[in-house]
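Undergrad: build me a structure from this.
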Amino acid sequence: MPERAHTPPRNQREQLMELGLVGLGKMGGNMRERIRRAGHTVVGYDRNPDVSDVHSLRELVDSLQAPRVVWVMVPAGAATQSTVDELGELLEPGDVVVDGGNSRWTDDEKHAAELAEKGIG
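TA: This next block holds a predicted model:
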């Protein structure tokens, strides 16, 4: 069956999103491109400057309009923890962090509680 382009219903066409994406490896990089092809704005950050749109998490956060959504696609463990910690210092109440990596659910609960103390979802 041929692949068809998805056209959202008329009432959703104007509701384009803007998000930050941290971690542009195989999964994150492909996600960034698919989301962009759907017409949304994605600002990507990766430790590898060759694939990154910005040079730091600070620059990523500063480039997004509030309320911000930052999707984290980095390896579980220390990489995710340090990213969540840094985002917790950069983001503001009302912003949202989505952990899309492969963290254990108990880590996700811990991160959610840490961010909630700062008003970040």
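
Undergrad: low-confidence ranges in the chain?
TA: 1-14 (pLDDT under 70).

Undergrad: how about the strands of it, start to end?
TA: 18-22, 41-45, 69-72, 96-99 (DSSP state E).

Undergrad: report the backbone C-alpha coordinates of the third one in CSV.
TA: Which is strand 69-72. What follows is strand 69-72, C-alpha atoms only, in CSV (Å, rounded to 0.1, in the frame of the first residue of the first chain):
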residue,chain,number,x,y,z
VAL,A,69,8.2,21.5,26.1
VAL,A,70,11.5,19.7,26.1
TRP,A,71,11.6,16.1,25.0
VAL,A,72,14.7,14.2,26.4
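
Undergrad: hang on, Val54 packs against Arg47?
TA: No: between Val54 and Arg47 there is no contact under C-beta atoms under 8 Å: 11.9 Å. C-beta here means a position set from N, CA and C on the backbone, and glycine is covered the same way.

Undergrad: higher neighbour count, the two?
TA: More neighbours surround Val54 than the other of Val54 and Arg47, with 17 against 12 (other C-beta atoms under 10 Å).

Undergrad: with adjacent residues omitted, what lies nearest to the more buried one?
TA: Nearest residue to Val54 in three dimensions, chain neighbours excluded: Leu60, at 4.9 Å (C-beta to C-beta, 6 or more residues apart in numbering).

Undergrad: contacting residues for that neighbour?
TA: Shown in contact with Leu60 (C-beta atoms under 8 Å, 6 or more residues apart in numbering): Gly20, Val22, Val43, Gly44, Tyr45, Asp53, Val54, Val70.

Undergrad: give the bridge partners for the third one, please.
TA: For Val43, the residues forming beta bridges with it (DSSP bridges) are Gly20.

Undergrad: follow-up on the earlier one: mind picking the two most distant members of the contacts of Leu60?
TA: Using C-beta to C-beta, the contacts of Leu60 reach their maximum pairwise distance at Asp53 and Val70, which is 13.0 Å.

Undergrad: give me the more crowded residue out of those two.
TA: Shown here are Asp53 and Val70; by other C-beta under 10 Å, Val70 has more neighbours (25 against 16).
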